[in-house]
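Peer 1: Kindly return the folded structure for what I paste below:
(2 chains)
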2 protein chains.
Amino acid sequence: MEGQDEHSPGASAHPHADADLYGDDGVIRASFLALVGAAIADRDTLTLRQEVGKLHQSELGDLLEALLPEQRRALVDLMGSDFDFSALTEVDEAIRLEIVDSLPNAQIAQAVQELDSDDAVYILEDLDQEDQDEILAQLPFTERIRLRRSLDYPEESAGRRMQTEFVAVPPFWTVGQTIDYMREDKDLPDRFTQIFVIDPTFKLLGAVDLDQILRSKRAVKVEDVMHETRHAIPASMDQEEAAHEFEQYDLLSAAVVDENDRLVGVLTIDDVVDVIQQEAEEDLLRMGGVGDEELSDSVLAASRSRVPWLLVNLFTAFLAASVIGLFDHTIERIVALAVLMPIVAGMGGNAGSQTMTVTVRALATRDLDIYNAGRIIRREMGVGSLNGMIFAVLIGIVAALWFQDPNLGGIIAAAMIINMFVAALAGILIPLLLDRLGADPAVASAVFVTTVTDVVGFFAFLGLATWWFGLL
Amino acid sequence: MEGQDEHSPGASAHPHADADLYGDDGVIRASFLALVGAAIADRDTLTLRQEVGKLHQSELGDLLEALLPEQRRALVDLMGSDFDFSALTEVDEAIRLEIVDSLPNAQIAQAVQELDSDDAVYILEDLDQEDQDEILAQLPFTERIRLRRSLDYPEESAGRRMQTEFVAVPPFWTVGQTIDYMREDKDLPDRFTQIFVIDPTFKLLGAVDLDQILRSKRAVKVEDVMHETRHAIPASMDQEEAAHEFEQYDLLSAAVVDENDRLVGVLTIDDVVDVIQQEAEEDLLRMGGVGDEELSDSVLAASRSRVPWLLVNLFTAFLAASVIGLFDHTIERIVALAVLMPIVAGMGGNAGSQTMTVTVRALATRDLDIYNAGRIIRREMGVGSLNGMIFAVLIGIVAALWFQDPNLGGIIAAAMIINMFVAALAGILIPLLLDRLGADPAVASAVFVTTVTDVVGFFAFLGLATWWFGLL
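Peer 2: Predicted coordinates:
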């Protein structure tokens, strides 16, 4: 029965999701892992086909990630054509490459033909040009052309993520004809939520949602129920941009068109959900000073991805240190300043990070724009001043009591107010400026903001102390 | 014509999204804003109904956010029943409350009846109990019962987010009967992608996707094409958990059932996309030390949400300062230590943040579990050691040259290796421990990690120096 395969969508469409597979913590149960491990060790293909063959692609993906590398390769070997290659779209890039690289290209070519085109592209796009060409050469002509066309679109574009299987009918067909066509045609996509309407040159005329088809009488013409698709997604559009269209207009799927407005594929919400997750992850990792890192990366790969950021921070740390160096004579006289100065810099850094986090996120969700930027800047200046005064009083009192010196309390309080206000300004203006310059504010804001708060924090505190105690 | 309303999904189903509305930067054009502003000032309802009435709900939401508060209220007033209240689900909570609070309850009750139940609940749930009761009392009986039931489920549960409009048929109906029913019934939901199969007591038996209906002959019984729904979403399930099910199994919609397995609603992917965005946003904001803050919050509200985090940081800053205080005599003798010590602490803090960011994100996406925790901990220790050695050499050389003292270079290098290694350990173990204890690792990890790197950084550097230079 068609449609009841592993792609069938809908209410908990995971007839395979055994209550036994995942424990309460959402992690694959150790008992299942032991069962699979034993079957692999015994080369027991019967058990594997039975237990692993029934998993949903994402469950199989979780299983692959939980296995050891040698078990993964053995599992793929033992299951042969029963191995669902779409599971490879659900695992870390490093694990995917490890498995794909261990297989002969002929076997990958075979497997790729079973996949939806978007899954096939997802697996092929990470391979080197040479392997890609060799695999494509072994595919039937139409398949090869389709995949090649997707792969020719830029990375992270709608064309890369689209599925080239879709249902399209001419505008003069009736609803009845369309339904009959779908009842007969055995070559339909695994799942679809709308039908496209095209002219003989494949130019997109419109689209009809399936519920609309089902609401309409058989005699009604498709062109009379279709809605115009004035904003079909260009294949070259960035995937993040396309995801924004889906969110903005609550789309389930969207036509993808080439530069001549011809229908070349369909982008579906499940791929868009992955894009949204991925973009949110990228922002988070970038703000944390981590690049395109994956959990499966080696020590060397992870180190390489983190060193550049640490290098930049090292440079700014020396900048801050040299500001302290300006006041070494003052510190020699009043060593309490050395004890207290990290507090001023650190609190400024934290306050700046708060403002920056809010700003970067609001820029990413397009909630911050020219209409409210002025208001938000004023608000942040207000928050910076208010919190600056609150913490100036607190820290001033504690410092005065600790070192039995009201002068020191007054100086650190004044420095706190200055630094918290500057932190607020830097926290909003730096991301806004980077965004305006076309840079990604998530990447570089943190380092600039903490540089400002360190430099200003040390300078204000030590400078005020030097002046107040007459040590100029 | 049904289905061509503002809810119709599908390929760029936004016939209203004028190319003119948004500029290239994705922000509403100033010219459109001026047009609307002028129409509001002139009380020109004709222009408003024409220009604003045709907007998609999310476009209207963007417009509301771009207007001034008094313009918003005037717009709602002037448009009367032509104002699409579903736009209120697309704006900041503060703006939503501001608009809703300015309207009489009778008008809200009127508007709520026009909305899908999930949108109605979204607007009602933020109101005080008193207003909620008054509005509900003015609704027709069935409507009131439905909304009341949704509102009785806990906040952020599937029951709150579900739509109570759905199509359900008995199992013995044929595909033909089902299609005829949909052609006749004018009370269908605005959009749907599957049909549920229930017994006379509303107990959920299964679901059929619309494409499956369209592939099947008229005489086929629904129960023969339906798929079982063994994992329908319980109404009390947390929305984040439900979103994870959608992602895991690529669902478009899912049945929501009560504790007796009776169908009470349907959760749709567009709501799930919002949940995913919201949860990603929460993680990011929490890691940045910001609570449930919105862009429309006032200075006081934003200050209040940020002070607790700054207070915690203040406490840990004093902790770090008191570690420095232990070595005040050493600093008095060698003031270069005061200049260099923030570098050791700061680099450790950055390295710890990197590890922590990767860990927190991997925990959120469930990529980090007991099967790979050991490997990831070992990897982070490796990365910490490697990067520690790289930066120890760099900083050691620069410090030795700067202060013309190879001893100082050696001491700072040793302290760097210690602190970077400790940073890596803290960066992974602290979030893992918080997660195990049931706390949200995104909230508290940062403060603990930087406390550790500050304290260890200052102690290792100043302690080593005190010992090496014989100042004990």
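Peer 1: what is the rounded mean pLDDT of stretch A:305-318?
Peer 2: Stretch A:305-318 shows an average pLDDT of 91 in the prediction.
Peer 1: again with stretch A:172-179
Peer 2: Here the average pLDDT along stretch A:172-179 is 94.
Peer 1: Flag every buried residue along that stretch.
Peer 2: For stretch A:172-179, the buried set under the neighbour-count rule, 16 or more other CB atoms under 10 Å in any protein chain shown, comprises A:173-175, A:177-179. (Each C-beta comes from the backbone N, C-alpha and C, glycine too.)
Peer 1: same for chain B: which of those residues are within range?
Peer 2: Residues of the buried residues of stretch A:172-179 in contact with chain B (CB under 8 Å from any CB of the partner chain): A:Ile179.
Peer 1: Just send the buried residues of stretch A:172-179 back as CSV, with distance to A:Leu55 too.
Peer 2: Listed next are those as CSV, based on distance: CB to CB, whole Å:
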residue, distance to A:Leu55
A:Trp173, 39
A:Thr174, 42
A:Val175, 38
A:Gln177, 39
A:Thr178, 35
A:Ile179, 34
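Peer 1: Closest one of the buried residues of stretch A:172-179 to chain B?
Peer 2: When these are compared for distance to chain B (CB to the nearest CB), A:Ile179 wins out at 5.8 Å.
Peer 1: Spatially nearest residue to that closest one (excluding sequence neighbours)?
Peer 2: Spatial nearest neighbour of A:Ile179, excluding adjacent residues (CB to CB, 6 or more residues apart in numbering or on different chains): B:Leu214 at 5.8 Å.
Peer 1: Shouldn't that neighbour be within a helix?
Peer 2: Yes: applying DSSP: H, G, I helix; E, B strand; the rest coil, one finds B:Leu214 inside a helix.
Peer 1: Pick out the residue nearest the middle of chain A.
Peer 2: A:Gln278 (1.4 Å; CA atoms, centre = their mean).
Peer 1: Check which element follows whichever strand or helix holds it along the chain.
Peer 2: In the assignment (DSSP states H and E), A:Gln278 maps to helix A:269-287. Downstream of helix A:269-287, the next assigned helix or strand under DSSP H and E is helix A:299-325.
Peer 1: Specify the angle between that next one and helix A:269-287 in degrees.
Peer 2: Here helix A:299-325 points in a direction 40 degrees away from that of helix A:269-287 (axes from the mean of the first three to the mean of the last three CA atoms, to 10 degrees).
Peer 1: before we move on, back to that, for the helix holding A:Gln278, packing partners?
Peer 2: On a contact count with 3 or more CB pairs under 8 Å, 6 or more residues apart in numbering or on different chains; DSSP states H and E, helix A:269-287 meets helix A:239-249, helix A:336-364, helix A:441-468, helix B:239-249, helix B:269-287, helix B:336-364.
Peer 1: change it to 7 Å
Peer 2: Applying 3 or more CB pairs under 7 Å, 6 or more residues apart in numbering or on different chains; DSSP states H and E, one finds that helix A:269-287 contacts helix A:239-249, helix A:336-364, helix A:441-468, helix B:269-287, helix B:336-364.
Peer 1: CSV for those helices, including mean pLDDT and distance to B:Gln110?
Peer 2: Shown next, in CSV, are the helices and strands packed on helix A:269-287 (pLDDT from 0 to 100; distance: least, CB to CB, whole Å):
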stretch, mean pLDDT, distance to B:Gln110
helix A:239-249, 89, 26
helix A:336-364, 92, 33
helix A:441-468, 92, 43
helix B:269-287, 85, 24
helix B:336-364, 92, 41
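Peer 1: how about those helices in TSV, adding distance to A:Ala30?
Peer 2: As requested, the helices and strands packed on helix A:269-287 are exported to TSV (distance: least, CB to CB, whole Å):
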stretch	distance to A:Ala30
helix A:239-249	37
helix A:336-364	38
helix A:441-468	38
helix B:269-287	28
helix B:336-364	19
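Peer 1: how about those, which one is nearest B:Val76?
Peer 2: Proximity to B:Val76 (CB to CB) singles out helix A:239-249 among the helices and strands packed on helix A:269-287, at 21.6 Å.
Peer 1: who's in contact with the following helix or strand past the closest one?
Peer 2: Once helix A:239-249 ends, the next helix or strand along the chain (criterion: DSSP H and E) is strand A:253-257. Residues lying outside strand A:253-257 but in contact with it, judged by CB atoms under 7 Å, 6 or more residues apart in numbering or on different chains, are A:158-159, A:162, A:193-194, A:196, A:204, A:207, A:229, A:232-235, A:245-246, A:263-269, B:10-12.
Peer 1: from those, which ones fall inside helices?
Peer 2: A:158-159, A:245-246, A:269 (DSSP state H).
Peer 1: Mind checking which of these are buried?
Peer 2: Applying 16+ other CB under 10 Å to the ones in helices among the contacts of strand A:253-257 flags A:158-159, A:245-246, A:269 as buried.
Peer 1: Closest one of the residues you listed to chain B?
Peer 2: Proximity of those to chain B (CB to the nearest CB) peaks at A:Ile269, which lies at 5.4 Å.
Peer 1: The closest one reaches B:Ile269, doesn't it?
Peer 2: Yes: counting by CB atoms under 7 Å, B:Ile269 is a contact partner of A:Ile269 at 5.4 Å.
Peer 1: shared neighbours, these two?
Peer 2: Taking CB under 7 Å, 6+ apart as the contact rule, A:Ile269 and B:Ile269 both touch A:252, B:252.
Peer 1: To what extent is the residue nearest to A:Ile179 buried, counted in neighbours?
Peer 2: Applying other CB atoms under 10 Å in any protein chain shown, we find 23 residues neighbouring B:Leu214.
Peer 1: out of the buried ones among the ones in helices among the contacts of strand A:253-257, what pair is the most spread apart?
Peer 2: Pairwise over these, using CB to CB, the maximum falls at A:Gly159 and A:Ile269, 17.3 Å.
Peer 1: Looking at the helices and strands packed on helix A:269-287, which is nearest to B:Asp131?
Peer 2: Here helix B:269-287 is closest among the helices and strands packed on helix A:269-287 (CB to CB), at 23.7 Å.
Peer 1: residues in contact with the closest one?
Peer 2: A:247, A:250, A:252, A:269, A:273, A:276-277, A:280, A:283-284, A:357, A:361, B:118, B:161, B:239-240, B:243, B:246, B:251-253, B:293, B:360, B:364, B:440, B:442-443, B:446.
Peer 1: Pull out the CA atoms of that helix and give them to me as CSV.
Peer 2: Provided in CSV are the C-alpha atoms of helix B:269-287 (Å, rounded to 0.1, in the frame of the first residue of the first chain):
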residue,chain,number,x,y,z
ILE,B,269,3.6,22.4,12.0
ASP,B,270,3.3,26.2,11.7
ASP,B,271,2.7,26.4,15.5
VAL,B,272,5.6,24.0,16.0
VAL,B,273,7.9,26.2,13.9
ASP,B,274,7.0,29.1,16.3
VAL,B,275,7.8,26.8,19.3
ILE,B,276,11.2,25.8,17.8
GLN,B,277,12.1,29.5,17.2
GLN,B,278,11.0,30.4,20.7
GLU,B,279,13.0,27.6,22.4
ALA,B,280,16.1,28.4,20.4
GLU,B,281,15.6,32.1,21.4
GLU,B,282,15.2,31.1,25.0
ASP,B,283,18.5,29.2,25.0
LEU,B,284,20.4,32.0,23.4
LEU,B,285,19.0,34.7,25.7
ARG,B,286,19.6,32.5,28.8
MET,B,287,23.2,31.9,27.8
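Peer 1: Many thanks, I have nothing further to ask.
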